[in-house]
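1. Predicted model follows, preceded by the sequence.
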Amino acid sequence: MQTKFKYKLAEDTIEKSEIRKLSKWILKNDRFTLGNKTKDFQKKFSNFLKIKNSIFVNSGSSANLLIAQSLLESKYLKNKVVIAPALSWSTTVSPFIQLGYDVKLCDCSLENLGLDINHLEYLCKKFKPSLIILVHVLGHSNDMDKILKICKKYNVYLIEDTCESLASKYNSKHLGTFGLASSFSFYYGHHISTIEGGMACTNDKNFAKIMASVRSHGWLRDFQVSEKKKILKKNKISEFQSKFSFFYSGFNIRSTEINSFLGLSQIKKIKKICKIRNRNFNVYKKELNEYFSVKCKTKPLSNFGYATLVKNRDKVYRYFTKKKIECRPVISGNIAKQIFWKKFFKKKIELPNSDLVHKFGIYLPNHANQTVRETKLISKEFKKIAKIKLV
């Protein structure tokens with residue numbers, strides 16, 4: 001990806017040597033649709049996370065869509081009310097809107113940029129949801145102990161959007177392994193890249209079966225033989241017709257063997273990549289501690305970017321652009337202020353913390369190719385122009 005910036009928010013984790021190996025593999029093989037490479041990648045990713053099932057799809061956004069549809073097919077939910085984070089990405093929230101869920105936005109915490117616990121409990125009491133979605137923002141964990149207690153208290157399922165937080169942990173347990181399901185992204189600039197790609201993960205065997213089917217049109221091919229036979233017999237479907245029989249309302253959001261080949265190569269580098277990202281985060285923390293918008297107790301193990309709150313954000317952006325330093329808002333700010341949200345929901349919502357981040361939040365570059373010298377230079381330039389926004 002070409003940009004005008006010398007100091008970029010993200011750089012590709014795919015090296016030339018990996019492209020050469022992929023090229024040789026392509027020339028020797030003739031199957032590139034979902035096959036054994038994908039199964040191998042799914043297995044190795046599950047082993048890394050210490051989770052039972054991983055379903056490889058074409059993006060992290062598709063992983064969220066897959067989870068949303070599979071929940072409807074699972075019949076697990078008592079209603080279609082879902083609490084989603086106001087500070088999040090469009091496709092964390094939009095699949096649930098598109099599929100007819102009643103979405104309630106939860107304000108963010110200024111301690112970790114995740115769900116605000118007090119607002120979350122208020123929403124659970126008032127709306128009695130079936131589902132809570134959270135985002136682990138920039139590698140920082142939500143307060144999982146308190147959130148899990150709320151889930152248990154109100155009988156609510158939990159979904160984790162972990163697209164920015166691969167390899168971060170909470171109490172030695174990987175983020176993305178606490179709820180019913182989780183999503184990960186392997187887009188350019190994320191911790192690892194398969195060019196495009198994402199993973200939906202779960203420890204629930206039945207839910208994994210549903211997701212595997214919904215990923216591929218909703219067909220019966222991924223069912224266990226014994227279960228498939230019962231379905232075919234009950235519905236009087238012949239063996240001839242069985243491969244083209246569809247049990248769920250599904251999509252085609254599969255990725256390819258090519259992307260899985262890259263994933264198998266990339267997964268070997270996760271620990272190295274996260275070590276560099278965390279080192280850069282600690283340099284920022286030392287240089288710019290007073291600007292840091294997150295006051296969480298747990299340190300990220302795979303920081304995605306350094307989040308700050310500044311009074312003069314636009315001025316910082318213009319100055320950084322002149323200095324060829326890339327920066328951006330924290331995720332996409334407050335979802336309630338996004339155009340697509342306002343098309344569906346006319347009523348204004350009071351989300352003071354998310355409003356604060358939306359107006360003043362800016363995060364600084366961090367990636368696996370970024371050096372300590374570059375991190376210090378960015379910090380130095382930032383201090384020249386940025387005015388602290390105290391909260």
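-> Everything's here; your move.
2. pLDDT averaged over stretch 170-184 - what is it?
-> The predicted model assigns stretch 170-184 a mean pLDDT of 97.
3. now what about that stretch, what contacts it?
-> For stretch 170-184, contacts defined as C-beta atoms under 8 Å, 6 or more residues apart in numbering pick out 45, 49-51, 60, 63-64, 67, 70, 76, 136, 141-142, 144-145, 148, 151, 157-163, 165-169, 198-204, 207, 211, 298. For glycine as for every other residue, the C-beta is placed from the backbone atoms N, C-alpha and C.
4. what residue lies at the spatial centre of this protein?
-> Residue closest to the mean C-alpha point of the chain, counted by C-alpha atoms, centre = their mean, is C163 at 2.1 Å.
5. Hmm, it is touching G198, no?
-> Yes - in this structure, C163 is within contact of G198 by C-beta atoms under 8 Å, at 7.4 Å.
6. Spell out which residues are contacts of both of the two.
-> Shared contacts of C163 and G198 (C-beta under 8 Å, 6+ apart): 60, 183-185.
7. and the residues you listed, which of them are in strands?
-> By the criterion of DSSP state E, membership of the shared contacts of C163 and G198 in strands covers 183-185.
8. Can you give me the neighbour number for L22?
-> By the criterion of other C-beta atoms under 10 Å, L22 has 16 neighbours.
9. host element of it?
-> Using DSSP states H and E, the element containing L22 is helix 16-28.
10. Now do that helix: distance to the chain's middle.
-> 28 Å (C-alpha atoms, centre = their mean, to the nearest Å).
11. Could you measure from W89 over to E326?
-> Per C-beta to C-beta, to the nearest Å, W89 is found 18 Å from E326.
12. Any regions of the stretch 251-391 of the chain where pLDDT drops low?
-> Scanning the stretch 251-391 of the chain for pLDDT under 70 picks out the ranges 296-299.
13. try it again with 80
-> 293-301, 389-391 (pLDDT under 80).
14. Equivalent analysis for the stretch 1-150 of the chain, please.
-> Along the stretch 1-150 of the chain, segments meeting pLDDT under 80 span 1-3.
15. same thing but 50
-> For the stretch 1-150 of the chain, the stretches with pLDDT under 50 are 1.
16. Now for the shared contacts of C163 and G198: which two are most distant?
-> Using C-beta to C-beta, those span at most 7.3 Å, a distance reached by S183 and S185.
17. What residue spans form the domains of this protein?
-> 16-268, 270-385 (automatic domain parsing).
18. in the longest helix along the chain, what counts as buried?
-> The residue-count maximum for a helix in the chain (DSSP state H) belongs to helix 270-288. Neighbour-count burial for helix 270-288, counted by 16 or more other C-beta atoms under 10 Å, picks out 270, 273-274, 276-281, 283-285, 287-288.
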